[in-house]
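Asker: A predicted structure for the sequence below; I have some questions about it.
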Amino acid sequence: MFSDFTRRCLVAGATCMALFAGSPASAQDGNSPYKGKTVRFLTSSNASQDAFAAKLQEIGKSWGMTVDVRRLTTDELQKKVVLDYVGGADTWDLIYAGGVQRVFEWFDRGILEDLAPLIAQHGDKKLLNWDGITVAGRHAVTLGDKMMGVTVATSDQALAYRKDLFENPEEQAAFKAKYGYDLKPPETYEQYRDVAEFFTRKKGEMLAGKVLDNDFYGLVNSNKKGTYLWHDYENQLMAFGAEVCKPDTLQAGLMSPASIEAAEYYKSLIPFWPPGHNNMTSGETTSLFADGRVAMTIEYFDRVVYTIGKGEGAVKASQLGYTFPPTKKDNPRGLNHPYRAGPAVISIFSRSKNKEAAYKLLEAAASLDAQIDMARKTPGFMPARTAAFEQLKGEMPVLQYLIDVGNGGADALSDADEMPYPCILRSSEIGDSVSDAISAVLVGGDVKEELQKAQNTVQKALYDLKSSMKK
């Protein structure tokens, strides 16, 4: 069975097929044609990027190369890349493109290099192993016969929950008495709200036979306005079947019944979140969960595993369970347990003067063997290759979650799936507008009024996009 990318290449012809033809150049230890080269990598600091930066430096050293790494926050990185490109700087070779929406936007602006010609001329098909990358990972970096980057890690969301609390006999009996069904990880968003309500307790109340020293919360979301809220809220839009943009007509869909229902539901969760949730980042919410203050959270799987693995919080790995985020019955789009997947993508800066060396280093660091090694060394690094899951699951049982996703248990949708091209070229406007609307709703704004504002802003951006595409 051909992958989507391979099929498009077959249609495009022999030039594209050369991507898989192998490489005449060698970059083996001690015999590297890139000896003496310096590759500069701009990235953020998280489980996948810390591990990947270390791997780049390890391989670079063995090849006689220098790999300079600079880390910025996500927002700083986004601004830096654009400013350097507009200013004509050739400061970077490899850049962490992070969220998938940036990949498409930056590629459309010429900031990212098309890797297809580099792969055709210098690629090693065994190392690249395109079909071995997860489906979401492939969708994240391809546009027709163009390749905008390489997916180096999986960053899927999961419902992480306090298994020890869910399995406590006293809590099970109390839940059954109140709601009429067994306490278990919620399958639906209706059950999710019930469980969140049930576990929300005040200081001095009992939880699993112990008196609480602090308030305890049913759930937590990173509702800080901007990327954090947008990426959390995307799960709601998917689950309720809303479409933010129709790619064939470029019509915004934020005033659809499904979108309104999703917003009303999200607003109903306010009593079960901790105070200050609307200013919390993803890192802060995960730390609160790790500190034992929350019953469940829908968060990036790798972030939770990484945070718990550091052993700095009160909660231990043995107390946790992971399952798919809830689903909504009769989803209008036919989605099952949908959630936003944010594959970690590394791209080549189009103004780089070391594109060949940068690509070969990227290819080697993203190989199956390299990904397995990174997963073993860095708790929370989740490979982008399905073969790595299978090889590691014996020593890392937690990876079974990603294997179950890959076997069809849940719909993992990247931004490229949720905002199909060309909608994704206006993903910044879409994400910011939705975030602004939901942020206002969470502090008392009217759902329909705020969504209408977002609808108007997004529709204008889509009209502008349509006009630009006609030129």
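Answerer: Nice, I can see it.

Asker: point out where the protein drops to low pLDDT.
Answerer: 1-30, 99, 471 (pLDDT under 70).

Asker: what comes up buried for stretch 424-443?
Answerer: 424-442 (16 or more other C-beta atoms under 10 Å). Where you see a C-beta, it was placed from the backbone N, CA and C, and this is true even at glycine.

Asker: and the residue nearest the centre of the chain, how close does it get to residue 301?
Answerer: Residue closest to the mean C-alpha point of the chain, counted by C-alpha atoms, centre = their mean, is residue 342 at 1.9 Å. Per C-beta to C-beta, to the nearest Å, residue 342 is found 11 Å from residue 301.

Asker: helices and strands around the longest helix belonging to the chain, which ones?
Answerer: Assignment by DSSP state H gives helix 447-470 as the longest helix of the chain. Secondary-structure packing of helix 447-470 (3 or more C-beta pairs under 8 Å, 6 or more residues apart in numbering; DSSP states H and E): strand 251-252, helix 257-268, helix 427-441.

Asker: so which strand or helix has the closest residue to residue 68 other than its chain neighbours?
Answerer: Once flanking residues are discounted, residue 68 sits nearest to residue 40: 4.7 Å by C-beta to C-beta, 6 or more residues apart in numbering. Here residue 40 sits within strand 38-43, counting by DSSP states H and E.

Asker: correct me, but residue 237 touches residue 259?
Answerer: Yes: between residue 237 and residue 259 there is a contact at 6.7 Å, judged by C-beta atoms under 8 Å.

Asker: so what sits against both of these two?
Answerer: residue 244 (C-beta atoms under 8 Å, 6 or more residues apart in numbering).

Asker: in the stretch 201-350 of the chain, which spans are helices?
Answerer: 227-240, 257-268, 282-290, 301-309 (DSSP state H, counting those that start in this stretch).

Asker: check the offset of the third one from the chain's centre.
Answerer: Taking the mean C-alpha point of helix 282-290 and that of its whole chain, the gap between them comes to 16 Å (C-alpha atoms, centre = their mean, to the nearest Å).

Asker: in contact with residue 217, which residues?
Answerer: So residue 217 contacts 199, 200, 272, 273, 274, 288, 293, 294, 295 (C-beta under 8 Å, 6+ apart).

Asker: kindly report the same for residue 100.
Answerer: So residue 100 contacts 140, 342, 343, 345, 414, 415, 416, 424 (C-beta under 8 Å, 6+ apart).

Asker: how many neighbouring residues does the closest residue to it other than its chain neighbours have?
Answerer: Among residues not flanking residue 100 along the chain, residue 415 sits closest, at 4.1 Å (C-beta to C-beta, 6+ apart). Number of residues near residue 415 (other C-beta atoms under 10 Å) recorded here: 28.

Asker: gap between residue 415 and residue 97?
Answerer: For residue 415 relative to residue 97 (C-beta to C-beta), the value is 11 Å.

Asker: re the thing from before, right, and the helices of the stretch 201-350 of the chain - which one's nearest residue 179?
Answerer: Nearest of those to residue 179, taken as C-beta to C-beta: helix 257-268 at 16.0 Å.

Asker: run through the strands of the stretch 151-300 of the chain in chain order.
Answerer: 157-162, 206-207, 210-211, 217-220, 245-246, 251-252, 294-300 (DSSP state E, counting those that start in this stretch).

Asker: likewise the stretch 301-450 of the chain?
Answerer: 320-323, 339-340, 344-348, 412-413.

Asker: save those as CSV, and put in distance to residue 61 and mean neighbour count too.
Answerer: Output for the strands of the stretch 301-450 of the chain, formatted as CSV (distance: least, C-beta to C-beta, whole Å; neighbours: other C-beta atoms under 10 Å):
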stretch, distance to residue 61, mean neighbour count
strand 320-323, 36, 18
strand 339-340, 36, 27
strand 344-348, 18, 27
strand 412-413, 35, 23
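
Asker: does residue 415 touch residue 340 like I think?
Answerer: Yes: contact criterion C-beta under 8 Å: residue 415 and residue 340 qualify, at 7.3 Å.

Asker: which neighbours do these two share?
Answerer: Common neighbours of residue 415 and residue 340 (C-beta under 8 Å, 6+ apart) are residue 234.

Asker: closest one of the contacts of residue 217 to residue 147?
Answerer: Taking these together and measuring to residue 147 by C-beta to C-beta, the closest member is residue 288, at 38.8 Å.

Asker: packing partners for the helix or strand just after the strand holding residue 40?
Answerer: Once strand 38-43 ends, the next helix or strand along the chain (criterion: DSSP H and E) is helix 47-62. Applying 3+ C-beta pairs under 8 Å, 6+ apart, one finds that helix 47-62 contacts strand 38-43, strand 66-71, strand 150-153, helix 301-309, strand 344-348, helix 355-365, helix 368-377.

Asker: rerun that using 6 Å as the cut-off
Answerer: strand 66-71, helix 355-365, helix 368-377 (3 or more C-beta pairs under 6 Å, 6 or more residues apart in numbering; DSSP states H and E).

Asker: single out the most deeply packed of the ones you listed.
Answerer: helix 355-365 (a mean of 24; mean count of other C-beta atoms under 10 Å).

Asker: what does that one contact?
Answerer: 27, 34, 37, 39, 55-56, 59, 93-94, 118, 122, 127-128, 150, 346, 348, 352 (C-beta atoms under 6 Å, 6 or more residues apart in numbering).

Asker: in PyMOL, how would I select the buried members of those?
Answerer: In PyMOL syntax, the buried subset of the contacts of helix 355-365 is picked out as below (16+ other C-beta under 10 Å):
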select buried, resi 27+34+37+39+55+56+59+93+94+118+122+127+128+150+346+348+352
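
Asker: report the beta-bridge partners for residue 385.
Answerer: For residue 385, the beta-bridge partners under DSSP bridges are residue 133.

Asker: what's the burial count for it?
Answerer: 25.

Asker: what does residue 259 give?
Answerer: Neighbour number of residue 259 under other C-beta under 10 Å is 25.

Asker: that one against residue 241, yeah?
Answerer: No: in this structure residue 259 lies outside contact range of residue 241 using C-beta atoms under 6 Å: 9.0 Å.

Asker: rewinding a little: TSV for the strands of the stretch 151-300 of the chain, including distance to residue 462?
Answerer: Below are the strands of the stretch 151-300 of the chain laid out as TSV (distance: least, C-beta to C-beta, whole Å):
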stretch	distance to residue 462
strand 157-162	26
strand 206-207	48
strand 210-211	53
strand 217-220	33
strand 245-246	6
strand 251-252	6
strand 294-300	28
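
Asker: and those: which comes nearest residue 306?
Answerer: Of those, nearest to residue 306 by C-beta to C-beta is strand 294-300, at 9.1 Å.

Asker: what angle sits between that closest one and strand 157-162?
Answerer: 160 degrees (axes from the mean of the first three to the mean of the last three C-alpha atoms, to 10 degrees).

Asker: angle of strand 294-300 against helix 47-62?
Answerer: 50 degrees.

Asker: so which elements touch strand 294-300?
Answerer: Using 3+ C-beta pairs under 6 Å, 6+ apart: strand 294-300 touches strand 157-162, strand 217-220, helix 282-290.
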